[in-house]
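Trainee: Fold the following for me, if possible:
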Amino acid sequence: MLALLLEASPSLEYLKFLDLPRDRLFPSNGKTWNRLTYFSLKLCGDEQLFGPRVGGPGRFPHSFLQNAASSLEHLDLMGIPGQWYHEVPLILHLPNLKTLRMSQAKAKIGAQCSVFPLSIAFPNLEQLSIGPDFPGLDPTPLSIWRERRQDIWPHLKVLIFEFRSSATDVSEETRLMLRCLMCLNRGNSLQHIRFHFRVESWHEMLRIPDTLIPDVDDAQDLNFQNLRFFSSNFFCLSPNGARTLLSHSVQTKRLTFFDIVFTKHPIAGRARLGDLSNLRSYEWARGASSIQALGFYRFRFWCYPEDYEHHPLAEFVATFPNLRTLSIWSPYYGLPELARLVGMILRVTHLETIYMLSVGDEAFAQLRQAARNQGVRLMEMSEPRQWPVPLGA
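Mentor: Okay, the predicted model is just below:
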């Protein structure tokens with residue numbers, strides 16, 4: 001039935017399957033779909049995800065998609081075809097593909113997907129989203145990423161990486177591969193980066209120099225001048241790494257949003273001078289006129305009186321003249337204490353929206369009223385899921 005339906009729809013432009021039953025068979029008779037631009041598929045069951053064959057009932061529709069290669073621009077997969085994991089992977093060639101999202105319903109520990117063959121199969125990719133529950137990334141051969149990083153995905157604008165499992169499940173190879181992706185074209189093409197994972201040992205991801213890219217021995221050799229958005233509400237990037245990643249786009253006035261995640265505290269609830277030092281390491285960003293949204297996570301400052309002039313976080317936030325959106329959360333603050341801090345910030349800014357957790361709690365009643373009085377929306381924090389990512393001009 002599916003094959004007949006598709007064969008009768010030569011002008012199909014958008015095709016999405018929320019699940020692929022085992023008995024469904026895609027047409028593979030050589031007929032082309034030269035208007036199909038978007039294809040989304042959820043593969044069900046380990047047999048279909050990692051089986052050795054292609055094109056059979058309930059399996060990855062390799063031939064069908066190859067017959068739509070001339071027009072296909074967006075590919076969204078939950079469940080990675082087993083053929084992509086082979087030593088010599090069998091991957092369809094989609095020369096016009098612009099966006100690729102790869103995720104899985106559950107992680108398959110030990111399996112790794114080689115990324116370089118994907119760059120050959122999809123040479124003009126602009127947006128790449130990996131995860132959650134992706135088994136791992138294989139950076140080999142590393143020599144290719146060193147020698148050809150100016151040529152691999154030269155138009156990559158969006159990089160998203162999510163991983164829900166524990167840090168012990170994330171391989172060092174995956175870190176190296178993520179580092180390679182960030183350094184393509186020396187970072188010049190990237191506009192949007194979103195990380196969602198908890199791996200404390202990766203905070204030096206942008207360490208310079210690095211043996212991975214031996215010809216880059218100075219942070220100035222990486223130039224993320226077109227970056228507009230950096231989101232990482234769990235992963236703590238080192239101060240030096242943050243400066244390498246964000247400072248150029250602050251200077252070019254393109255950066256509009258970034259998150260600061262403070263280092264994990266060894267003793268819950270205990271304040272440290274380290275958080276103040278971490279915040280001060282962002283002096284280069286203070287007062288940037290392009291910044292419209294900020295996020296602060298996992299901080300723990302000493303108790304300060306309800307006076308913004310004496311709270312370093314409120315004073316830092318107040319320096320951004322065009323700031324309109326704030327996201328704020330910390331496991332080291334009780335709700336009443338967090339409400340007082342946000343109240344200080346509210347008094348010294350011109351915000352339009354504040355995102356928090358548990359905004360309906362009684363502890364935030366006074367804060368909700370203060371926000372209404374200033375015309376500020378107090379919203380429950382949620383994860384952005386829009387895909388593909390809309391990019392402005």
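
Trainee: could you pull out the helices for this protein?
Mentor: Secondary structure of the chain (DSSP state H): helices at 2-7, 46-50, 62-66, 116-121, 142-148, 172-182, 239-251, 273-280, 312-317, 335-347, 365-373.

Trainee: Is there a neighbour count for the nearest residue to Leu276 once chain neighbours are set aside? I'd like the number.
Mentor: Take Leu276 and drop its neighbours on the chain: the residue closest to it by Cβ to Cβ, 6 or more residues apart in numbering is Pro312, 5.8 Å away. (Glycine included, C-beta is placed from N, CA and C.) Using other Cβ atoms under 10 Å as the criterion, Pro312 is surrounded by 16 other residues.

Trainee: since we're on the closest residue to Leu90 other than its chain neighbours, how many residues are nearby?
Mentor: Nearest-residue entry for Leu90: Gln83, 3.9 Å, with adjacent residues in sequence omitted and distances by Cβ to Cβ, 6+ apart. Gln83: 19 surrounding residues under other Cβ under 10 Å.

Trainee: re earlier: tell me the contacts of the residue nearest to Leu276?
Mentor: Residues in contact with Pro312 (Cβ atoms under 8 Å, 6 or more residues apart in numbering) are 276, 279-280, 301.

Trainee: Setting the sequence-adjacent residues aside, check what's closest to Ser281.
Mentor: Nearest non-adjacent residue to Ser281, counting by Cβ to Cβ, 6+ apart: Pro239, 3.5 Å away.

Trainee: Next: Arg280.
Mentor: Arg280 sits nearest to Pro312 (Cβ to Cβ, 6+ apart), 7.9 Å away.

Trainee: The one you found and Val376, how far apart?
Mentor: 22 Å (Cβ to Cβ, to the nearest Å).

Trainee: so what's Leu100 scoring on pLDDT?
Mentor: pLDDT recorded at Leu100 is 97.

Trainee: you'd agree it is up against Leu125?
Mentor: Yes: with contact defined as Cβ atoms under 8 Å, Leu100 and Leu125 form a contacting pair (5.9 Å).

Trainee: shared neighbours, the two?
Mentor: The contact sets of Leu100 and Leu125 overlap at Leu118 (Cβ under 8 Å, 6+ apart).

Trainee: just to revisit the earlier point, quick one: the residue nearest to Ser281 and Leu279 touch, right?
Mentor: No: here Pro239 does not reach Leu279: they are 9.5 Å apart, not a contact under Cβ under 8 Å.

Trainee: Looking at those two, which is more packed in?
Mentor: Leu279 (20 against 17).

Trainee: Can you check the pLDDT for the more buried one?
Mentor: 93.

Trainee: Report the separation between the residue nearest to Leu276 and Asn67.
Mentor: Relative to Asn67, and taking Cβ to Cβ, Pro312 is found at 59 Å.

Trainee: any idea where the strands of the stretch 1-150 of the chain begin and end?
Mentor: For the stretch 1-150 of the chain, strands defined by DSSP state E, counting those that start in this stretch occupy the ranges 14-20, 38-43, 74-78, 99-103, 113-114, 127-130, 137-138.

Trainee: So for Asp259, which of those strands sits nearest?
Mentor: Checking those against Asp259 by Cβ to Cβ gives strand 127-130 as the closest, at 17.6 Å.

Trainee: For the helices of the chain, give me CSV that also has distance to Ile193.
Mentor: Formatted as CSV, these follow (distance: least, Cβ to Cβ, whole Å):
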stretch, distance to Ile193
helix 2-7, 37
helix 46-50, 28
helix 62-66, 28
helix 116-121, 18
helix 142-148, 18
helix 172-182, 7
helix 239-251, 8
helix 273-280, 20
helix 312-317, 22
helix 335-347, 25
helix 365-373, 30
